[in-house]
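**Student:** with the sequence up front, the predicted model follows.
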Amino acid sequence: MTNLIPADDAFAASLELPPAAFPALTASYLEEPRGRYASGGGLLVAPSSTTEVAQIMAAAHAGRVAVVPYSGGTGLVGGQIAQDLPRPVILSLHRMNKIRAVHADENVLVAEAGVILADVQSAAEGVNRLFPLSLASEGSARIGGVLSTNAGGVNVLRYGNARDLCLGVEAVMPNGEVMNTLTRLRKNNTGYDMRHLLIGAEGSLGIITAAALRLSPRPASTGVALFAVESPRAALELLSLAGDIAGGTVSAFELMHRQGLDFLRETMPETRQPWPTPPDWTVLVDLGGPADFDPEVTLMNLFEAGSERGLVDDGLIAQSTREADEFWAIRETIPEANRRIGSVSSHDISVPLSSIPDFITQGTQAIAALGPFRVNCFGHVGDGNLHFNVFPDAGKSRADYEDARKTIKRTVHDLTHSFGGSVSAEHGIGRLKVDDLERYSDPTKLATMRAIKDALDPHGICNPGAVLRRAPSN
Ligand SMILES: Cc1cc2nc3c(=O)[nH]c(=O)nc-3n(C[C@H](O)[C@H](O)[C@H](O)COP(=O)(O)OP(=O)(O)OC[C@H]3O[C@@H](n4cnc5c(N)ncnc54)[C@H](O)[C@@H]3O)c2cc1C
């Protein structure tokens, strides 16, 4: 591998970009949301067009300068923050924020990589369509980052993840060449599908500059309910029942442990709590259907059928949009409550759906055997995706457990692997999980990934150290 060269003033001048392309480097570019990665700095470059991205990449390729792409900066695995590179280019997409076209008749929207996810949702709503990708970070995350991490979120159960919602991409390859596969086609079997190589590549194979996104009809009637359930097994049975009763109208099915509600009470007492006394487990069900669909009646039917079978102990059906928003706010605020408590180790895992109850039981026991920790397990249970996060005992802080983090992570990830699961369900690999990728991946898959990386990016300039370990310098 090539030795990387710092992006010095001469390199910046060689780009021949206008002053607006060199904004001041602010703190947000240097630290990720959980504060686990801090960057040593870099040359911040914010192109306004695909042509400018191509110019930057061609110069970086020729000059052996590392490029770290940055969209909204909300990634949770350190992919957008490089700590140990010789002054890289931090390539921010925020000025590429145009929605290029909306084809309501085709259910397609074409957006540049820097468009904020919430703005794509609003633009779809403007033509009575839905862009269903929804994350707690949607006010900051941008399309380039969302696709590069193949983000999931709360509606994957019904609509799929970012990969499923993308029809085509435009990208700048590591050598500066533009690859235009910005197709709006739903059927296109013309060789390797390069879109799927770039989606989820976390900037290691090039820069996504625009994407054609798949929209859906907007559900005319929606409803949200919270159900108190005794156990994850009861939650899974309720999910199956919801499929029978509500069919394809189930948009989200989220599980929350009592610990999450306790953290909310502790860190954000102003948040309206749904239950006087939180049950051990709460399920949030979100339904959406056509105009003649009655979500309240359907949720009531689900509650009654669930109660009869002993799955549901209590239920709250939102009576207004405001109440539905409040129910969702509880689920969406848990990550912030977690952040304020400060986890010792967080795990974004998935296991086959039917293994969820055993995974939670065995995982909780394994953590208890390591010490007096608090576990907040919550997530998109309908997709088999849990956030199984381990926190300090009350009165302690995560700094008290620095030595324990590695063992905790290994314990949770080994258990996940033993269930045939994934140690990164939706956040990606970034810099945080490079070791895990090596430990748990099929060796042939890993070797193929390395071969693709080396073929497309022979000098290793694209987000070095993210996803794949940097090869030793020669
Ligand atoms: C409160 C909170 C809640 C979250 N909830 C969820 C959730 O429910 N589901 C989920 O999946 N994630 C979630 N996340 C994680 C995060 O929001 C997503 O990973 C999001 O997709 C990242 O988008 P971003 O624009 O912030 O990307 P960034 O953080 O800027 O970048 C992420 C990665 O993509 C690369 N990259 C960025 N732009 C490009 C580009 N144009 N071309 C190539 N590579 C690029 C970066 O180098 C980095 O490796 C959450 C994060 C927070 C803070």
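**Tutor:** Yep, that arrived.

**Student:** residues of the stretch 251-400 of the chain that sit close to the ligand?
**Tutor:** Residues of the stretch 251-400 of the chain lying close to the ligand by Cβ under 6 Å from any ligand atom are P335. Backbone N, C-alpha and C define where each C-beta goes, glycine included.

**Student:** where does this protein dip in pLDDT?
**Tutor:** 1-2, 472-474 (pLDDT under 70).

**Student:** from the middle of its chain, how far away would stretch 358-372 be?
**Tutor:** On the basis of Cα atoms, centre = their mean, to the nearest Å, stretch 358-372 sits 25 Å off its chain's mean C-alpha point.

**Student:** before we move on, what about stretch 317-332?
**Tutor:** Remark: stretch 317-332 is offset 22 Å from the chain centroid, using Cα atoms, centre = their mean.

**Student:** check stretch 401-419 too.
**Tutor:** If you compare the mean C-alpha spot of stretch 401-419 with that of the full chain, they lie 21 Å apart, counting by Cα atoms, centre = their mean.

**Student:** swap in stretch 118-129?
**Tutor:** Taking the mean C-alpha point of stretch 118-129 and that of its whole chain, the gap between them comes to 20 Å (Cα atoms, centre = their mean).

**Student:** over to stretch 134-143?
**Tutor:** With Cα atoms, centre = their mean as the basis, stretch 134-143 stands 9 Å off its chain's centre.

**Student:** got it, and stretch 446-463?
**Tutor:** Mean C-alpha position of stretch 446-463 versus that of the full chain (Cα atoms, centre = their mean) differs by 23 Å.

**Student:** and for stretch 181-196?
**Tutor:** Here stretch 181-196 is found 23 Å from its chain centre; the criterion is Cα atoms, centre = their mean.

**Student:** what are the buried residues along that stretch?
**Tutor:** Going by neighbour count (16 or more other Cβ atoms under 10 Å), the buried part of stretch 181-196 is 181-182, 184, 194-195.

**Student:** adding secondary structure and distance to P217, write the residues you listed out as CSV.
**Tutor:** Output for those, formatted as CSV (DSSP: H, G, I helix; E, B strand; the rest coil; distance: Cβ to Cβ, whole Å):
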residue, secondary structure, distance to P217
T181, strand, 26
L182, coil, 23
R184, coil, 17
M194, helix, 29
R195, helix, 23
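
**Student:** format those as TSV; extra columns: distance to T267.
**Tutor:** Formatted as TSV, the buried residues of stretch 181-196 follow (distance: Cβ to Cβ, whole Å):
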residue	distance to T267
T181	44
L182	43
R184	44
M194	44
R195	40
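
**Student:** these: which two are farthest apart?
**Tutor:** Every pair in those was compared (Cβ to Cβ); the two farthest apart turn out to be R184 and M194, at 15.5 Å.

**Student:** show the contacting residues for the residue nearest to E138 when sequence neighbours are not counted.
**Tutor:** Across the structure, with Cβ to Cβ, 6 or more residues apart in numbering as the measure, the residue nearest E138 apart from its sequence neighbours is L117 (4.2 Å). The contact partners of L117, by Cβ atoms under 8 Å, 6 or more residues apart in numbering, come to 72, 133, 135, 137-139, 141-143, 146.

**Student:** and with 7 Å instead?
**Tutor:** For L117, the residues meeting the contact criterion (Cβ atoms under 7 Å, 6 or more residues apart in numbering) are 133, 135, 138, 141-143, 146.

**Student:** now go through the residues you listed and say which are in helices.
**Tutor:** Secondary structure assignment by DSSP state H places 143, 146 of those in helices.

**Student:** just send the contacts of L117 back as JSON lines, with neighbour count and distance to G379 too.
**Tutor:** Formatted as JSON lines, the contacts of L117 follow (neighbours: other Cβ atoms under 10 Å; distance: Cβ to Cβ, whole Å):
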{"residue": "L133", "neighbour count": "28", "distance to G379": "16"}
{"residue": "L135", "neighbour count": "21", "distance to G379": "12"}
{"residue": "E138", "neighbour count": "22", "distance to G379": "17"}
{"residue": "A141", "neighbour count": "23", "distance to G379": "18"}
{"residue": "R142", "neighbour count": "29", "distance to G379": "23"}
{"residue": "I143", "neighbour count": "34", "distance to G379": "23"}
{"residue": "V146", "neighbour count": "33", "distance to G379": "18"}
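
**Student:** restrict the contacts of L117 to contacts with the ligand.
**Tutor:** 135, 141-142, 146.

**Student:** for P69, give me its contacts.
**Tutor:** So P69 contacts 91, 93, 144, 203, 207, 463 (Cβ under 7 Å, 6+ apart).

**Student:** the most centrally placed residue in the chain and the ligand: what is the separation?
**Tutor:** With distances taken as Cα atoms, centre = their mean, the chain has A151 as the residue nearest its mean C-alpha position (3.6 Å). Summarising the geometry, the distance separating A151 from the ligand, computed by Cβ to the nearest ligand atom, to the nearest Å, is 3 Å.

**Student:** nearest spatial neighbour of that residue, chain-adjacent residues omitted?
**Tutor:** The shortest distance from A151 to any residue other than its chain neighbours is 4.8 Å, reached at A162 (Cβ to Cβ, 6+ apart).

**Student:** wait, the one you found sits on V146?
**Tutor:** Yes. If you go by Cβ atoms under 7 Å, A162 and V146 touch, sitting 5.3 Å apart.

**Student:** okay, and the common contacts of these two?
**Tutor:** Common contact partners of A162 and V146 (Cβ under 7 Å, 6+ apart): L133.

**Student:** and the longest helix seen in the chain, how far out from the chain's middle?
**Tutor:** As far as residue count goes, and with DSSP H defining each element, the longest helix of the chain is helix 321-341. Taking Cα atoms, centre = their mean, the mean C-alpha location of helix 321-341 is offset from the chain mean by 17 Å.

**Student:** how about it: buried residues?
**Tutor:** Here helix 321-341 shows 324, 326-328, 330-338, 341 as buried, counting by 16+ other Cβ under 10 Å.

**Student:** kindly report the same for stretch 89-103.
**Tutor:** Applying a neighbour-count criterion of 16+ other Cβ under 10 Å, one finds 89-97, 99, 102 buried in stretch 89-103.

**Student:** now do stretch 435-452
**Tutor:** Neighbour-count burial for stretch 435-452, with 16+ other Cβ under 10 Å as criterion, is recorded at 436-437, 440, 449.

**Student:** among those, name the ones in helices.
**Tutor:** Under the assignment DSSP H, those contribute 436-437, 440, 449 to helices.

**Student:** what's the closest of those to N189?
**Tutor:** After measuring these against N189 - Cβ to Cβ - the closest member comes out as M449, at 23.4 Å.

**Student:** for the closest one, give me its contacts.
**Tutor:** L468.

**Student:** got it, and L30?
**Tutor:** 38-39, 41 are the contacts of L30 under Cβ under 7 Å, 6+ apart.

**Student:** and if you look at D383?
**Tutor:** Applying Cβ under 7 Å, 6+ apart, we find D383 in contact with 152, 156-157, 350.
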